[in-house]
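Visitor: A predicted structure for the sequence below; I have some questions about it.
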Amino acid sequence: MAGKSVRRKIERSVAITRAYLRIERIQKLEKISRIYLRELADMVGCDGCAIILINTDKAKILAERGFTKTFKKLEFNTDVPAIEHVVNTKQAIFTGDIQSNPTADYIPHGCPINSLICTPIMVNDEVRGIIHLDSPKKNAFNKKDMEFTELLSKEISTAFRQSFQYSQARHVLARDALTGCFSRRQFDADIVADITSAKKHKEQLSILLVDIDWFKNYNDFHGQPKGDKLLKKVADVIASNIRAYHKIYRYGGEEFAILMADANQDNALCAARRLQETIEQEQFRGEKKSQPNGKITVSIGVATFPSDAVKKGKLIEAADLALYRAKESGRNQVCVYIKKK
């Protein structure tokens, strides 16, 4: 018996190590959870098991086996009794005869579960996930199963924390610190994805390049701090005057880019003119003192996929040429790309 117990303990340690080595370079919680769940299901006999992500008042299944046969859902509120208990108390549930004790209230009426383990996955003293095991058999799980599940929850906690940190870092990189717009790095990734999607669905895609006219005059006259405030305000005006599913980026310096999914040239031109007129009518502090025409204005270049270009570089170049023509034609206007004959 002692030899069997030691062997079982070694097997559990090997399972943890094997899972850790496989998730070391993975940052997506779904993939991490599937790896750990596979090891859990192999080590502990159960009819249903799941790793659940807790996010405020929502619970989402990251990985599962047999769980949805009983509960039918992949996402639900955290007011489900068993989940609510674990989240509020930060304590595990472990029972082999759920129907004959108060834990019966933790499962839906008519649910065939008798044995249940729910252990919290803690991140910074907060329940951010739950490992769920169930079986219709009584006393299907023993103390060793519970200990292994708790050990696994600690390992998953580390993976969760690293994944959250990675997501936060990606969010920071995706945004421009000054204006709150998406960053140039994000633009380079999104335009490729948007062109691919437009090709797949046979849709059009337009890009607007927006440049603040005579920004250097404003920045030199008022100083960089006020120049930064101007950039932020212009970004806010743009964001308030485009559709929610269109994306604005700080493209560089005083230049912004807008990706307009499923927008043809007419749609994009109409939006660009509306934006140009809105900014011209907006009041900006100090504009009369520093700007040649006494107003903050923008020039906008418009290009559309696939009529103007089908590749990322060529589409950006087309919008840039249209912007150049708008500025060369006197600024404070919108120009669309015109192909050379």
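Guide: Yep, it's here.
Visitor: what residues are up against the nearest residue to S115 once chain neighbours are set aside?
Guide: Counting by CB to CB, 6 or more residues apart in numbering, A140 is the residue found nearest to S115 once chain neighbours are left out, at 3.8 Å. C-betas here are computed from N, CA, C, even on glycine. Contacts of A140 were listed using CB atoms under 8 Å, 6 or more residues apart in numbering, and they are G45, C46, D47, G96, N114, S115.
Visitor: Can you give me the pLDDT of A140?
Guide: On pLDDT, A140 comes in at 92.
Visitor: Please confirm that it is located within a strand.
Guide: No - A140 is assigned coil when assessed by DSSP: H, G, I helix; E, B strand; the rest coil, not a strand.
Visitor: How is the chain divided into domains?
Guide: Domain assignment for the chain by automatic domain parsing gives 2-172, 184-336.
Visitor: Start and end of the last one, how far apart?
Guide: Spelled out, that is domain 184-336. For domain 184-336, the first-to-last residue distance is 22 Å (CA to CA, to the nearest Å).
Visitor: so for that domain, what's the average pLDDT?
Guide: Per-residue pLDDT over domain 184-336 has a mean of 96.
Visitor: now swap in stretch 97-105 and tell me
Guide: Averaged over stretch 97-105, pLDDT sits at 76.
Visitor: From what I see, G180 and A235 are in contact.
Guide: Yes - judged on CB atoms under 8 Å, G180 makes contact with A235 at a distance of 6.8 Å.
Visitor: Tell me which of these two has more neighbours.
Guide: A235 (20 against 13; other CB atoms under 10 Å).
Visitor: Okay, K295 and V234: tell me how far apart.
Guide: Distance, K295 to V234, by CB to CB, to the nearest Å: 12 Å.
Visitor: between those two, who's got more neighbours?
Guide: More crowded of K295 and V234, by other CB under 10 Å: V234, with 21 against 17.
Visitor: which element is the more buried one on?
Guide: When elements are assigned from DSSP states H and E, V234 belongs to helix 224-240.
Visitor: Format the CA atom coordinates belonging to the helix or strand following that helix as PDB.
Guide: Toward the C-terminus, helix 224-240 is succeeded by strand 247-252 as the next helix or strand (DSSP H and E). Written as PDB, here are the backbone C-alpha positions of strand 247-252 (Å, rounded to 0.1, in the frame of the first residue of the first chain):
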ATOM      1  CA  LYS A 247     -10.800  52.600 -35.000                       C
ATOM      2  CA  ILE A 248      -8.600  55.700 -34.500                       C
ATOM      3  CA  TYR A 249      -4.800  55.500 -34.200                       C
ATOM      4  CA  ARG A 250      -2.000  57.900 -33.300                       C
ATOM      5  CA  TYR A 251      -0.100  57.300 -36.500                       C
ATOM      6  CA  GLY A 252       2.800  59.600 -35.700                       C
END
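Visitor: ok, residues contacting strand 247-252?
Guide: Here strand 247-252 has contacts from 176, 178-179, 181-184, 186-187, 190, 209, 231, 235, 238-239, 242, 256-259, using CB under 8 Å, 6+ apart.
Visitor: hang on, the earlier thing: list the helices and strands the helix holding V234 packs on?
Guide: Helix 224-240 sits against strand 205-212, helix 215-222, strand 247-252, strand 255-261, helix 265-281, with contacts defined as 3 or more CB pairs under 8 Å, 6 or more residues apart in numbering; DSSP states H and E.
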